[in-house]
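quick one, structure for this:
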Amino acid sequence: MNQSFRRALISTVFVTVTIVACTSLIPEAAVGQQTPNLWFSPSLLVPKTPDAQVKAFIETYFATWSNKDIDGYAAHFHKDAVIMFVDNGRVQRTDRLEDFIQGQSSYLSSVQESVSERATSSKVDYDGRTGVITAEWVLEKGKRTTTGVNRFTLFRDESGTLKILTLVWSVNR
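Now for the predicted structure:
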């Protein structure tokens, strides 16, 4: 077997095994959907440690929102999730998942300019079952930029899928 054929064969096996291993990271609602470039990320081609799985989950969380894929975005949350917005030392708003998703859907459908939200850094404290994640983010809306912090409580549901139980978010002032 020549050297280049051997390298190609090993690369093909590695990529195939990695892609199969990473399919559990895709939120259940996204399976079978045609969402070009949404679920592919170079980070998905790396064997996953629990921290890397969580970081890939957070990456898709922001990507679905930025791509206005509200179903993909909602799939990141547990059905009983609670979302809180805090500002000026007070809880300004608390939403159940349905109300929060409806608000995000309304906002994203009303925005005329392009929007992009992405994590700029994250801290992961995750044991493979539950975790607390702090993600600093930047939101670019047209020419305006806003920064803030999301704090997530995650867990693996009965199917083994990561889900958000709580999201507490704030905007930097």
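
wait, residue 126 sits on residue 51?
Yes: Residue 126 lies in contact with residue 51 (Cβ atoms under 8 Å); the separation is 6.1 Å. Bear in mind the C-beta positions are built from the backbone N, C-alpha and C, glycine included.

so the two - more neighbours on which side?
Neighbours were counted for residue 126 and for residue 51 using other Cβ atoms under 10 Å; residue 126 has more, 20 against 16.

would you mind listing the residues in contact with the more buried one?
The contact partners of residue 126, by Cβ atoms under 8 Å, 6 or more residues apart in numbering, come to 50-51, 54, 132-133, 154.

out of the residues you listed, list just those in strands.
Of the positions in these, 132-133, 154 sit in strands, assigned by DSSP state E.

list only buried entries from those residues.
Buried subset of the ones in strands among the contacts of residue 126 (neighbour count, 16 or more other Cβ atoms under 10 Å): 133, 154.

nearest to residue 146, of the ones in strands among the contacts of residue 126?
residue 133 (19.9 Å; Cβ to Cβ).

looking at strand pairing, list the partners for the spatially closest residue to the closest one that is not a sequence neighbour.
Excluding the flanking residues, the one nearest residue 133 by Cβ to Cβ, 6 or more residues apart in numbering is residue 152, at 4.5 Å. In this entry, residue 152 is beta-bridged to residue 133, residue 167, by DSSP bridges.

list the contacts for the residue nearest the centre of the chain?
Nearest to the mean C-alpha position of the chain, by Cα atoms, centre = their mean, lies residue 61 at 2.0 Å. Contacts for residue 61 (Cβ under 8 Å, 6+ apart) come out as 73, 76, 164.
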